[in-house]
Every structure is written in structure tokens, then in C-alpha cells.
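K.L.:
Next one to model:
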Amino acid sequence: MKNLLPLVVEAHELFRSLPSKHVLVLAVVNENVFAEGHLPGAILIRPDELVRGIKPAIGMLPTKEQLDSVFSRIGLSDDMHVVVYDDEGGGWAGRLLWTLDVIGHTSYSFLNGGQIAWAKAGLPITTENCELESTDYDVTIDRSYIADINEVLASICDEEVIIWDARAKEEYEGSKITAKKNGHIPSAINLDWLEVMDHNRQLKLVDLDYLRKKLESLGITAKKQVITHCQTHHRSGLTYFAGKLLGLNIKAYDGSWSEWGNHPNTPVEKIET
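P.N.:
Model prediction:
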């Protein structure tokens with residue numbers, strides 16, 4: 001279906017379009033946050049519903065059966081335009097948008113700044129729950145948006161592929177302990193997901209021209225296949241979406257560092273400080 005809203009929608013623009021039977025607003029927040037107040041008409045998707053949750057690689061894509069259950073519960077149908085938001089700058093929202101790409105539902109928008117920007121704009125927040133009639137949604141998984149461990153391993157020596165590590169500098173360097181092995185995938189480039197959001201504007205996306213130049217200075221360009229990851233493909237949900245906005249050929253390594261850093265045979269580099 002034709003997109004009813006732009007890929008990045010501002011709070012007032014979304015407010016003017018609601019309510020609409022063709023727009024489904026999804027809040028990817030914790031249950032307590034949702035209970036304290038959410039956008040009118042929003043439906044909750046808990047962050048843990050977007051990950052498989054099996055250690056060590058807890059962030060991997062859920063099974064088809066799990067995804068069928070989630071998207072049926074929220075009442076998703078092919079004629080709906082989905083608007084996604086969170087309360088943290090876009091990590092979980094981006095993770096859901098990546099999941100929608102994986103299942104082929106590409107009619108969607110990212111609420112810029114999420115609930116923080118919505119509240120700052122003085123728009124209404126409610127504690128009332130809205131329940132849509134469930135559907136029988138049958139997911140088809142497109143793995144072209146997913147990089148597995150073998151693809152990432154092969155990319156290390158491939159000049160046509162670049163890995164965007166969205167973790168903090170301390171994780172990339174290896175000084176912060178998050179797995180059995182710590183450091184980064186050889187040849188990976190580090191740009192923290194926090195640099196994709198503007199902390200002076202309610203965690204909205206930074207200026208895209210600025211971000212494009214920053215990425216180009218690091219060698220992350222549209223000429224290469226980009227694979228992004230973090231610890232569990234939560235933070236890299238935002239970098240995936242930002243890369244898509246910039247026209248990058250981007251996919252996500254959902255196993256991320258929780259898989260790579262705990263695997264006995266994966267190469268790791270560290271930066272001595």
C-alpha cells in the first residue's frame with residue numbers, strides 16, 4: 001500500500017493524522033512506561049517480544065511462530081500504515097522497523113524523538129488502553145536484511161563490505177566486559193548509536209547531511225554493503241534505520257556481540273589504552 005505518512009514523521013504531523021483506521025501506532029516501551037502514559041490509540045509491543053531471548057545471543061530474530069503471535073495480537077494487517085516510537089531515542093523503534101522490513105511490511109514511519117518529543121510538544125498522553133481486533137498474520141521472513149555469523153566472518157576480508165559497530169567506545173576497545181571475549185570484529189568501524197540522536201532536540205535524529213559526512217569520513221558509504229550491530233541488535237536498530245534513511249545498502253547482524261564475543265572461534269581485536 002502507499003505510505004500515508006513520511007518515513008520520518010514529526011509529532012504535530014502525526015497528531016493531525018490521528019485517529020485513523022489505517023494508521024497503527026506502536027509503542028516499543030516497557031509495560032510500566034506504557035501504563036504511566038502513552039500516545040492516544042497506541043498499542044504496546046514489549047521490547048522482549050522483538051528478540052528470541054535465548055542466551056548467549058539473546059537479540060536474534062524471534063522464530064516465525066513468535067512473530068506470527070506478536071503481529072496477530074496487535075492486529076497488524078497489510079492495509080495498515082505503522083507508526084513506531086519508543087522513549088529512548090530510537091533503538092527499540094529502529095529494531096521494530098528492521099523487523100517490519102524482515103517480514104515485508106514496508107508501509108511505516110518513525111516518530112522523530114518518540115514519546116519524549118511528543119510530550120515536549122505538549123501533545124496528549126493517555127493511560128487508556130486501546131485494543132484492536134486480533135488478526136491471523138502469517139509472517140514470511142526475508143533474510144536479505146539479516147547478516148548471520150558466517151556472513152560477518154566472511155566480510156572481514158571483503159573490501160566491499162564494512163561493519164558498523166554501534167556500541168560505546170569502551171565496548172569497541174575491549175575495556176568494558178560484556179562477553180567472554182571483548183573488543184571488536186576485525187575491520188569494524190565504531191560510531192556510537194548515541195551520535196545518531198540529537199541530545200539538544202528531544203533525542204530526535206541528528207541532521208542527516210551531518211551524519212552522512214560523518215559516516216563517509218569513516219568509510220561507511222553507499223558504495224559498500226554495510227552490516228551494523230551492537231550487543232544484542234537493540235542500539236543498532238537505530239543505526240540500521242539511519243543507514244536506510246541515508247540510502248545505504250544496510251543489513252543487521254542480529255547475533256551481534258553477544259554471539260560473536262561468546263563464540264569460541266571468532267576473531268577479536270582490542271585497542272590497548
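
K.L.:
quick one: the helices in the stretch 151-273 of the chain?
P.N.:
For the stretch 151-273 of the chain, the helices defined by DSSP state H, counting those that start in this stretch occupy 169-173, 208-217, 235-245, 256-260.

K.L.:
so which of those helices gets nearest Leu44?
P.N.:
When the helices of the stretch 151-273 of the chain are compared for distance to Leu44 using C-beta to C-beta, the nearest one is helix 235-245, at 17.1 Å. Using the backbone N, CA and C atoms, a C-beta is placed for each residue, glycine as well.

K.L.:
List the contacts of the closest one.
P.N.:
7-8, 89-98, 101, 110, 164, 166-167, 191, 193, 196-197, 205, 208, 211, 220, 226, 228-230, 250-253, 256 (C-beta atoms under 8 Å, 6 or more residues apart in numbering).

K.L.:
try it again with 6 Å
P.N.:
The contact list for helix 235-245, computed with C-beta atoms under 6 Å, 6 or more residues apart in numbering, reads 90-91, 94-95, 97-98, 164, 166, 193, 196, 226, 228-230, 250, 252.

K.L.:
Equivalent analysis for stretch 121-137, please.
P.N.:
For stretch 121-137, contacts defined as C-beta under 6 Å, 6+ apart pick out 11, 15, 37, 40-41, 71-73, 75-77.

K.L.:
just those now: which is nearest Glu159?
P.N.:
Phe71 (38.2 Å).

K.L.:
related to what we said a few turns ago, farthest-separated two in the contacts of stretch 121-137?
P.N.:
Pairwise distances across the contacts of stretch 121-137 (C-beta to C-beta) peak at 29.0 Å, for the pair Ala11 and Ser72.

K.L.:
So for the two, which sits in the more crowded spot?
P.N.:
Using other C-beta atoms under 10 Å as the criterion, Ala11 and Ser72 rank with Ala11 on top: 24 against 16.

K.L.:
Let me see the contact set for the more buried one.
P.N.:
Ala11 neighbours (C-beta under 6 Å, 6+ apart): 117-118, 121, 123.

K.L.:
make it 8 Å
P.N.:
Taking C-beta under 8 Å, 6+ apart, one finds 111-113, 117-118, 121, 123 in contact with Ala11.

K.L.:
Now tabulate these in a markdown table and tack on secondary structure, neighbour count and distance to Leu67.
P.N.:
Formatted as a markdown table, the contacts of Ala11 follow (DSSP: H, G, I helix; E, B strand; the rest coil; neighbours: other C-beta atoms under 10 Å; distance: C-beta to C-beta, whole Å):
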| residue | secondary structure | neighbour count | distance to Leu67 |
| --- | --- | --- | --- |
| Leu111 | strand | 27 | 22 |
| Asn112 | coil | 24 | 26 |
| Gly113 | coil | 25 | 27 |
| Ala117 | helix | 19 | 28 |
| Trp118 | helix | 24 | 27 |
| Ala121 | coil | 14 | 33 |
| Leu123 | coil | 16 | 31 |
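
K.L.:
can you tell me which helix in this protein is longest?
P.N.:
helix 91-103 (DSSP state H).

K.L.:
Show the average pLDDT along it.
P.N.:
For helix 91-103, the mean per-residue pLDDT is 98.

K.L.:
How about stretch 266-273?
P.N.:
90.

K.L.:
Stretch 199-217 now?
P.N.:
Per-residue scores along stretch 199-217 average to 98.

K.L.:
Please state the offset of that stretch from the chain centre?
P.N.:
16 Å (C-alpha atoms, centre = their mean, to the nearest Å).
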